[in-house]
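**Student:** predicted model follows, preceded by the sequence.
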Amino acid sequence: MWGCIRAAEPWFRLVAGLLAGLSLTACGGLLGSDVDPPEVSLAGLGFGEPGLFEQQLRVDLRLRNPNNFDLEIDRVTFNLELNDKPFAHGRANEGLDLPALGETVVPVTINVPTNDLIDRVTELGTEHRLDYRLTGEAELASLFSARVPFHKEGKLALPRLPGLDQPKP
């Protein structure tokens, strides 16, 4: 009898390995591949605490869920470029629930060297807009902490200030 089991052992290992692989593939499909990444865009940019060497800014990220089920997000990390130049990177570590087909705005505090901020402001000129590129990933709260990347490019129109927009004679 023991000889019969030993003869079948290679087959048993093969079948067990195939079943384990199929079950992991099925779990991975449920947790990652069928999830559309959240749409992330820049909703706002504001000033926080001023400093001599660094300026604290507030970046508002708008997250939209294109899925027909809720997304539980552990964190969002991002890189922000303004006018094709690296500007800042940040992280929102607070977990959030993004409702199905819903959206939310997440404020993130970042620190930017004062010289970099001055350079970006002087580049504005008469354009009155900022071209931005936002890249990063959202880490979903799941058994395997699936990470879904995002990429968004856009333009932010800046308000025109009275008296400052008129050409000088």
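**Tutor:** Yep, it's here. Numbering: from 1, shown residues only.

**Student:** so where's the protein shaky on pLDDT?
**Tutor:** Within the chain, the ranges that satisfy pLDDT under 70 run 1-33, 124-127, 143-145, 159-169.

**Student:** rerun that using 50 as the cut-off
**Tutor:** 14-16, 18-32, 168-169 (pLDDT under 50).

**Student:** what segments of it are strands?
**Tutor:** Per DSSP state E, the chain carries strands over the ranges 39-47, 54-64, 71-82, 85-92, 96-98, 103-113, 129-140, 147-157.

**Student:** okay, these in JSON lines with mean neighbour count and distance to Glu123 next?
**Tutor:** In this view, the C-beta of every residue, glycine as well, is placed from N, C-alpha and C. Formatted as JSON lines, those follow (neighbours: other CB atoms under 10 Å; distance: least, CB to CB, whole Å):
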{"stretch": "strand 39-47", "mean neighbour count": "16", "distance to Glu123": "15"}
{"stretch": "strand 54-64", "mean neighbour count": "18", "distance to Glu123": "16"}
{"stretch": "strand 71-82", "mean neighbour count": "18", "distance to Glu123": "8"}
{"stretch": "strand 85-92", "mean neighbour count": "16", "distance to Glu123": "8"}
{"stretch": "strand 96-98", "mean neighbour count": "16", "distance to Glu123": "33"}
{"stretch": "strand 103-113", "mean neighbour count": "15", "distance to Glu123": "14"}
{"stretch": "strand 129-140", "mean neighbour count": "18", "distance to Glu123": "9"}
{"stretch": "strand 147-157", "mean neighbour count": "13", "distance to Glu123": "13"}
